[in-house]
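>>> Next input, structure requested:
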Amino acid sequence: MKLDKHGFPIFSDKDIMDILYNGNINSIQELLVDPSPDVKKFNETIDRLKLPYKKIKLYDKNTLENVNTNDLDEALQSDWFMPDEYKKIDVERYLIEKCKTSEEIERVEQELFEFETRQMFNLLRYMIFLVDFMRENKIVWGVGRGSSVASYVLYLIGVHRINSIQYGLDYQEFLR
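Below you'll find the model as predicted:
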């Protein structure tokens, strides 16, 4: 596997064969693969036999190499990889329902204004999904690290376990 200039992993035939031989055919549907005769045959076989698998996506170097990184980031963030129910979450209501005091509500509203100004609501939705996924799958993550612990919103979502209101942390340290 190699990375292109945007950090996308590009898989070779050998990488794909290793994945297939290990019984992980469903995981290849989201991978970008260098074009080759074998990949072409695989995709043709999927079509010809009407198999219930998605075709392998081919990496088009000419297309992706000429894309501005900011444009690519914007395009990728418009289609977050998460279940549809998370894409529709009313983030404000989700967080306000977790608040117990007017101080907490005020803090959430202040932080959400900043997140909205930066167009980061989809990121918050994704964080809700990620934390739920980790809990459901019993994945352990840390107590909190860096400036993220200054965000009460991230505390309510469960990204970290540091109550920034209790410790008097300024959320602007996180959103600089």
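>>> just the helices in the protein please.
For the chain, applying DSSP state H gives helices covering 13-21, 37-49, 61-65, 69-77, 84-87, 91-96, 102-117, 121-136, 152-157.
>>> among the ones you listed, which is nearest Arg176?
Closest to Arg176 of the helices of the chain is helix 102-117 (Cβ to Cβ; 10.3 Å). For the C-beta atoms, the positions are set from N, CA and C on the backbone; glycine is no exception.
>>> in the closest one, what's buried?
The neighbour-count check on helix 102-117 (16 or more other Cβ atoms under 10 Å) flags Glu104, Arg107, Val108, Glu111, Leu112, Phe115 as buried.
>>> now the second one, nearest residue through space, not along the chain?
To tie it back to what came earlier, the one meant is Arg107. Tyr152 (4.8 Å; Cβ to Cβ, 6 or more residues apart in numbering).
>>> Please apply the same query to the third one.
Across the structure, with Cβ to Cβ, 6+ apart as the measure, the residue nearest Val108 apart from its sequence neighbours is Leu95 (5.0 Å).
>>> Against Ser164, how distant is the residue nearest to Arg107?
Relative to Ser164, Tyr152 is positioned 5 Å away (Cβ to Cβ, to the nearest Å).
>>> And Val67, by the same measure?
37 Å.
>>> Of the two, which one has the most company?
Using other Cβ atoms under 10 Å, the more surrounded residue of Val67 and Ser164 is Ser164, with 23 against 13.
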